[in-house]
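S.K.: need coordinates for the below:
(one chain, ligands or ions: 1)
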Amino acid sequence: MTLRLPLRLGTRGSPLALAQARMVKAALAAVEPMLAADDAVEIVVIKTTGDKVLDRPLAEIGGKGLFTKEIEDGLVAGSLDIAVHSMKDMPTVLPAGLVIDAVLPREDPRDALIARGPRRIAELPHGLTVGTASLRRAAQLRALRPDLVVVPLRGNVQTRLKKLDAGEVGATFLAMAGLVRLGLAEVVSVPLSPEEMLPAVAQGAIGIECHAGNAPVTELLARINHVPTMTRITAERAFLAALDGSCRTPIAALAELDGDRLRLRGLVASPDGRRIERIEAEGAAADARALGAEAGARIRVRLDADFFAGRAG
Ligand SMILES: NCc1[nH]cc(CCC(=O)O)c1CC(=O)O
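M.R.: Reported below is the predicted structural model:
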C-alpha cells in the first residue's frame with residue numbers, strides 16, 4: 001500500500017499549533033521523498049471547543065479533549081490522515097481506533113515565569129496578581145506563595161503576553177516549549193526548575209495521531225517517532241491515567257531518562273493548593289508504562305476525602 005496524496009494533516013489554528021504542524025510536515029518530508037513537495041502535505045485547520053470558548057476556565061467547561069475532539073472526528077471520518085497535537089492537551093484515553101504512533105523530539109518541558117524583573121517565584125512582589133487558568137500552576141504557586149492573588153487568564157500565547165503588557169496581571173506562566181517554537185523564549189521568559197513548578201504531563205511533546213487501520217500512515221509515523229520522548233511521555237501519561245478519576249485535580253509529572261533508566265517525579269495538589277502530595281519513582285525505561293501507573297496508584301491511596309474538600313464539583 002502506498003500513501004494517498006496529499007496527506008491531510010489536521011491541526012488547530014493558533015500560531016503555536018500552526019508552527020507545530022509545520023514542524024511535523026518538515027519531519028515527514030525529511031524521511032519520505034514522496035512528501036518533500038510543499039503540496040504533498042495539506043495543513044487543514046480545525047476549530048476545537050477549546051478554541052471557541054475563551055471566556056471560561058477550561059476546568060469549568062469540563063470534559064476531556066477540548067482541544068482534540070473535532071480534529072479526531074476528522075480522523076475517524078477519514079477526512080484527515082494525521083492529526084498534530086500538543087501531547088499535554090491529549091486525554092489519556094483515545095477514541096476507539098485512533099493511535100499516537102509518533103512524537104517529535106521533546107522541547108524544553110519546563111514552565112516559564114513571565115514577569116518583568118523577578119526571575120523566581122520567591123522574588124515576586126508581595127500580593128502581586130498572577131494570571132493563570134491552569135489549576136496545576138495555580139496550586140503549586142499558592143503552595144509556595146499564599147500571599148499572591150491568582151486570577152484566571154486564558155487565550156493563546158500572544159494574547160496572554162498582551163494582557164501582561166497591558167498590566168492586567170503582574171506575572172503569568174507559559175510553557176517554555178511554546179515560547180521556543182514561537183521564537184519568543186529569549187525575550188520574556190525565565191524557565192522554572194521542576195522543584196518550583198512541576199510541568200504538565202507530556203508538556204513540550206508534539207504527538208501525531210492517526211487511524212490504527214491506516215497502514216501506509218502508521219508505517220510512515222513509525223519512521224519519525226522519537227523513542228526517548230515516547231518513553232518519557234508514556235510514563236507520565238500512565239501516571240495521569242492512574243489518577244484520572246478526579247479530572248479537576250491538579251496533576252503534574254516529569255519523567256527523565258538517564259541511559260536506560262527512567263526517573264519520574266509526580267505530584268497531585270488539592271485544588272486550593274493547600275496540600276501537595278509528591279512522589280518519585282525510578283526503573284527501567286522498558287517498563288515506562290508500569291512505572292508511571294504504579295506511581296499513580298501509590299499516590300492515589302494517599303488521597304482521602306479531605307484532600308478533595310475544596311473541590312467545586
Ligand atoms: N494548554 C495550551 C498549551 N498546550 C501546549 C502548550 C505549550 C506547548 C507544549 O507543551 O508542547 C500550551 C501553552 C502553554 O501552556 O503555555
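
S.K.: do a quick rundown of the strands in the stretch 101-250 of the chain.
M.R.: 111-115, 129-131, 149-151, 171-175, 189-191, 206-211 (DSSP state E, counting those that start in this stretch).

S.K.: so what are the sheet partners of the longest one and their directions?
M.R.: Pointing back at strand 206-211 there. Applying DSSP bridges, strand 206-211 is found paired with strand 82-86 (antiparallel), strand 98-103 (antiparallel).

S.K.: centre of the chain to the first one, how far?
M.R.: Relative to its parent chain, strand 82-86 has a centroid offset of 12 Å by Cα atoms, centre = their mean, to the nearest Å.

S.K.: then the last one?
M.R.: Using Cα atoms, centre = their mean, we find the averaged C-alpha position of strand 98-103 to lie 15 Å away from the chain's own average C-alpha position.

S.K.: also stretch 250-261?
M.R.: Centre-to-centre, stretch 250-261 and its host chain are 14 Å apart (Cα atoms, centre = their mean).

S.K.: and that stretch, which residues are buried?
M.R.: 250-255, 257 (16 or more other Cβ atoms under 10 Å). Just so you know, the C-beta spots here come from the backbone N, C-alpha and C atoms, and that holds for glycine as well.

S.K.: redo those as TSV? Include distance to the ligand, secondary structure and pLDDT.
M.R.: As requested, the buried residues of stretch 250-261 are exported to TSV (distance: Cβ to the nearest ligand atom, whole Å; DSSP: H, G, I helix; E, B strand; the rest coil; pLDDT from 0 to 100):
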residue	distance to the ligand	secondary structure	pLDDT
P250	14	coil	91
I251	14	strand	95
A252	12	strand	97
A253	13	strand	98
L254	12	strand	98
A255	15	strand	98
L257	18	strand	98
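
S.K.: hang on, the earlier thing: tell me which of the strands paired with strand 206-211 sits most buried.
M.R.: strand 82-86 (a mean of 26; mean count of other Cβ atoms under 10 Å).
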